[in-house]
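Trainee: Sequence and predicted structure, then a few things I'm wondering about:
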Amino acid sequence: MAKLQVAIDLLTTEEALALAAKVAPYVDIIELGTPLIKNMGSSVITAMKNAHPDKLVFADLKTADAGELEADIAFKAGADLVTVMGAAGNATIIGAVKAAKAHGKGVVVDTIGYPDRVKRAQEVIELGVEFVELHAGLDEQWTAGYSIQVLIDEAARAGVPVSIAGGVNIDNVTAVIKAGAQVAVVGAAIYGAEDPAAAAKALREAIDAA
Ligand SMILES: O=C(CO)[C@H](O)[C@H](O)COP(=O)(O)O
């Protein structure tokens, strides 16, 4: 069954916990966004895991170097999954995977900005990562002409476990899952909704029906 990951791109632990409390019944993975972790430090990871021990807590570190060290910090704080950039060297990804194995946790590679996301996904899966995030970041989403269809097409031909992030919403989530994504990552369409719980519930139902 495909998973729903809520990306919490808010800026304080208090706001993140309040949102997570509303949407937790409908999501499998709670992602702490990079700006949130930069603003609050690893204490937000611990706070979220303590509040939701039954959920996978995803620390979107976007590590570019010192993979083992940065991943170890997040796993010690309570993360179940951490991200390393696909543009990082393989040594960085291998280091993070080493830390993950030591903690019984996992690494996700984020392909933001990588020219050939599918090729990199196929390469890094061999390094022991859990799955690869086919990701158009916020800046790319705000570029004229952006369409999530690019990511959906990439997922359909990746042939390795992937998530899709970059403007997933209720209108496209079925296509995201039908393309083969194992995880749909949803940020603004949940945290920016008038009723985040209702938005998460609708996404959950669409994923389960896909
Ligand atoms: O990691 C991120 C940005 O770097 C976001 O969390 C991710 O893109 C999902 O958010 P949205 O659904 O708003 O695109």
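Mentor: Structure received. Numbering: from 1, shown residues only.
Trainee: and this structure, which of its residues are near the ligand?
Mentor: Residues of the chain found near the ligand (C-beta under 6 Å from any ligand atom) are 7, 9, 33, 60, 137-138, 141, 165-168, 185-189. Every C-beta, even on glycine, is put in place using the N, C-alpha and C of the backbone.
Trainee: Which members of the residues you listed occur in strands, if any?
Mentor: Judged by DSSP state E, the residues of the chain next to the ligand include A7, D60, A165, V185, V186 as members of strands.
Trainee: of those residues, closest to the ligand?
Mentor: A7 (3.2 Å; C-beta to the nearest ligand atom).
Trainee: Could you give the bridge partners of that closest one?
Mentor: E31 (DSSP bridges).
Trainee: re the thing from before, among the ones in strands among the residues of the chain next to the ligand, which pair sits farthest apart?
Mentor: D60 and V186 (13.4 Å; C-beta to C-beta).
Trainee: shared neighbours, those two?
Mentor: A7 (C-beta atoms under 8 Å, 6 or more residues apart in numbering).
Trainee: Contacts only, for the residue of the chain found nearest the ligand.
Mentor: In the chain, the residue that lies nearest the ligand is G187 (2.5 Å; C-beta to the nearest ligand atom). Contacts for G187 (C-beta under 8 Å, 6+ apart) come out as V6, A7, I8, D9, E31, G33, A165.
Trainee: Can I get those residues in TSV including pLDDT and distance to K201?
Mentor: Formatted as TSV, these follow (pLDDT from 0 to 100; distance: C-beta to C-beta, whole Å):
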residue	pLDDT	distance to K201
V6	99	12
A7	98	17
I8	98	17
D9	97	20
E31	98	18
G33	98	21
A165	98	20
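Trainee: Low-confidence ranges, this protein, go.
Mentor: Counting by pLDDT under 70, the chain contains no low-confidence residues.
Trainee: Which stretches in it count as strands?
Mentor: Under DSSP E, the chain gives strands at 3-8, 29-32, 56-63, 81-85, 106-110, 131-135, 162-165, 183-186.
Trainee: May I see those strands arranged in TSV, with mean neighbour count as well?
Mentor: Listed next are these as TSV, based on neighbours: other C-beta atoms under 10 Å:
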stretch	mean neighbour count
strand 3-8	24
strand 29-32	26
strand 56-63	26
strand 81-85	26
strand 106-110	26
strand 131-135	27
strand 162-165	28
strand 183-186	27
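Trainee: Let me have these in TSV, extended by distance to A156.
Mentor: Formatted as TSV, the strands of the chain follow (distance: least, C-beta to C-beta, whole Å):
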stretch	distance to A156
strand 3-8	18
strand 29-32	22
strand 56-63	24
strand 81-85	23
strand 106-110	19
strand 131-135	10
strand 162-165	10
strand 183-186	14
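Trainee: between those strands, which one is nearest to E14?
Mentor: strand 3-8 (11.7 Å).
Trainee: And that closest one, what does it pack against?
Mentor: helix 13-23, strand 29-32, strand 162-165, strand 183-186, helix 188-191, helix 196-209 (3 or more C-beta pairs under 8 Å, 6 or more residues apart in numbering; DSSP states H and E).
Trainee: and if we set it to 6 Å?
Mentor: When contacts are defined as 3 or more C-beta pairs under 6 Å, 6 or more residues apart in numbering; DSSP states H and E, strand 3-8 sits against helix 13-23, strand 29-32, strand 183-186, helix 196-209.
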